[in-house]
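3D, please:
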Amino acid sequence: MGVVTAAELLVNAALREGFYGQSIPMFGPERRGAPVVVFARVSDRPIRLHSRVEHPNIVVVFDHRLANFIDVTKGFKGDLFLINAPSLSELPKDLKAFRLASVDATEIAVKLKLVVAGWPVVNTAMLGALAKASGLVSLNSVVSAIKERWPGRIGELNAEAARRAYQEVLVEVAS
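Below you'll find the predicted structure:
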């Protein structure tokens, strides 16, 4: 699904806007389709801490089914969960205590034929949704980072995924 690349692109977009950033992937014996955790830090000051993020301000979940068997709220101290889901009604009730943003990044990836080895690659769509839901970085910076990473047609398709997700993301206030 491209979670490691998404964190790298987020940091690249933040750097374009004058912020500091770092991407911290946590690898283990993963296989294709296994859950992967990546941390990203973005700040207006130099970042001196280089370790996993224990208390995230934002959590981004690339597959809504993970919330059914992994505690995606562990250590959460922020107020925004962004989830790739067809609708918020499919999420566990305990997530509804937070401000939720959702986008069907899978559908966007499939429509744009951003599929590798049968897996929809949702990373760029999720970045577009994150830009809108959080305001952390601009869509223009996300698109520029994407096009730098993949020049040509692949970059254009991924930039379009980010744009569509930016337009389609839904944000709900905690109930």
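
so the most centrally placed residue in the chain, which of the three states?
The chain has Met126 as the residue nearest its centroid, 4.3 Å off, counting by C-alpha atoms, centre = their mean. Following DSSP: H, G, I helix; E, B strand; the rest coil, Met126 is assigned to helix.

I'd assumed Val59 was in contact with it.
No: assessed by C-beta atoms under 8 Å, Met126 is found out of contact with Val59, at 11.8 Å. No exception for glycine: its C-beta is placed from N, CA and C like everyone else's.

find residues that contact each of the two.
Common contacts of Met126 and Val59 (C-beta atoms under 8 Å, 6 or more residues apart in numbering): Leu82.

where do the strands sit along the chain?
20-26, 37-43, 58-61, 80-84, 99-103, 115-116, 119-120, 170-172 (DSSP state E).

neighbouring contacts of the fifth one?
In this structure, residues lying in contact with strand 99-103 by C-beta under 8 Å, 6+ apart are 64, 79-85, 87-88, 91, 125-126, 129, 132-133, 165, 168-174.

near Val4, how many other residues are there?
17 (other C-beta atoms under 10 Å).

could you find the closest non-adjacent residue to it?
Closest residue in space to Val4, ignoring its immediate chain neighbours: Pro25 at 4.8 Å, by C-beta to C-beta, 6 or more residues apart in numbering.

repeat that for Glu160.
Here the residue nearest Glu160, using C-beta to C-beta, 6+ apart, is Leu112, at 6.1 Å.

which residues touch the one you found?
Going by C-beta under 8 Å, 6+ apart, the list of residues near Leu112 reads Leu157, Glu160, Ala161, Arg164.

excluding its backbone neighbours, what's nearest Val110?
Once flanking residues are discounted, Val110 sits nearest to Pro120: 5.3 Å by C-beta to C-beta, 6+ apart.

of the contacts of strand 99-103, grab the buried ones for PyMOL.
Remark: buried members of those, expressed as a PyMOL selection using 16 or more other C-beta atoms under 10 Å:
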select buried, resi 64+80+81+82+83+84+85+91+125+126+129+132+133+165+168+169
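
what's in contact with the lengthiest helix in the chain?
Taking DSSP state H as the assignment, the helix of the chain that covers the most residues is helix 153-168. Outside helix 153-168, the residues that touch it by C-beta under 8 Å, 6+ apart are 103-105, 108-109, 112-114, 122, 124-129, 131-132, 139, 142-143, 146-150.
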